[in-house]
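> give me a model of this one.
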Amino acid sequence: MTTGWIEARTVLVAALRFFVRHYPVVFAFGVSASAQRFLAVGGGEGWAWTGGITGELFTNGIRLLFFVWVARNMLRTLRPNWSDVRQSTDYLADHRAAMLWNVVVLVALTLVFKVGIDTWIAGLAEPRMALAWTLAVKNVTIIPFMIVWSVAVVRAALEERAGGGPDAAVPQAPVAGT
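Model prediction:
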């Protein structure tokens, strides 16, 4: 179980480093989704067009582009092919303790962000606007972090597969300037 915690912590630290180092880009992607969510919920009737299927397609398109950007930058030095990525699911089975610890930490982070943000914002505005602000904040914090973390797990799997040793599972930071 200790090894699982060390592996999970390594992946989370790599994800946090990437997230913080590239936060201007993370924010640029997230602010578009934040604006859509904010206007769809709190913008009133004049902004109703930002909700519904149009808004969902826009926000999910932004998230998909962000995912592609993260994967491209985190996996660049490994140059994986699609079959390598698909076979990285073996890592999940072989590292159950690490995945369990990752889930525990991510659930804790989500609860802190969910409860913390909801509590903080609830006192600032009426309920509809509080929800709009909550969604806006989450689109530049916890949602993009979960995307970065998921790619960090794939990176750890690919590194272990490429190197074959336990130290190979340690995600390395992307090359400077990426």
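
> hey, which helix is longest across the chain?
helix 96-122 (DSSP state H).

> pLDDT on that one, on average?
Confidence over helix 96-122 (mean pLDDT, whole number) is 82.

> what do you get for stretch 147-165?
Per-residue scores along stretch 147-165 average to 83.

> again with stretch 2-16
For stretch 2-16, the mean per-residue pLDDT is 89.

> any idea how far stretch 36-56 is from the chain center?
Distance, stretch centre to chain centre, for stretch 36-56: 23 Å (Cα atoms, centre = their mean, to the nearest Å).

> let me fix that, I meant to ask about stretch 71-82.
Relative to its chain's centre, stretch 71-82 lies at 17 Å (Cα atoms, centre = their mean).

> could you work out the end-to-end span of that stretch for me?
12 Å (Cα to Cα, to the nearest Å).

> mind listing what's buried along that stretch?
By neighbour count with 16 or more other Cβ atoms under 10 Å, stretch 71-82 contains the buried residues 71, 73, 74, 75, 78, 80. For every residue, glycine as well, the C-beta is placed using N, CA and C.

> take those residues and keep only those in strands.
Among the buried residues of stretch 71-82, no member is found in strands (DSSP state E).

> kindly reformat those as CSV containing pLDDT and distance to residue 61.
As requested, the buried residues of stretch 71-82 are exported to CSV (pLDDT from 0 to 100; distance: Cβ to Cβ, whole Å):
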residue, pLDDT, distance to residue 61
71, 94, 16
73, 95, 19
74, 94, 20
75, 91, 21
78, 85, 26
80, 79, 24
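
> could you identify the most distant pair in those?
73 and 80 (13.3 Å; Cβ to Cβ).

> rewinding a little: just the buried residues of stretch 71-82 now: which is nearest residue 12?
Nearest to residue 12 among the buried residues of stretch 71-82 is residue 74, at 13.8 Å by Cβ to Cβ.

> which non-adjacent residue is nearest that closest one?
Take residue 74 and drop its neighbours on the chain: the residue closest to it by Cβ to Cβ, 6 or more residues apart in numbering is residue 151, 4.8 Å away.

> residue boundaries of the helices in this protein?
Ranges of helices within the chain are 2-21, 23-42, 52-75, 82-86, 89-94, 96-122, 127-138, 142-163, based on DSSP H.

> distance from the chain centre to the third one, please.
To tie it back to what came earlier, the one meant is helix 52-75. With Cα atoms, centre = their mean, you get 11 Å for helix 52-75.

> same question for the last one.
Distance, stretch centre to chain centre, for helix 142-163: 10 Å (Cα atoms, centre = their mean).

> give the buried residues for that helix.
For helix 142-163, using 16+ other Cβ under 10 Å, the buried residues are 142-145, 147-161.

> before we move on, what about stretch 92-112?
Neighbour-count burial for stretch 92-112 flags 95, 98, 99, 101, 102, 105, 106, 109 (criterion: 16+ other Cβ under 10 Å).
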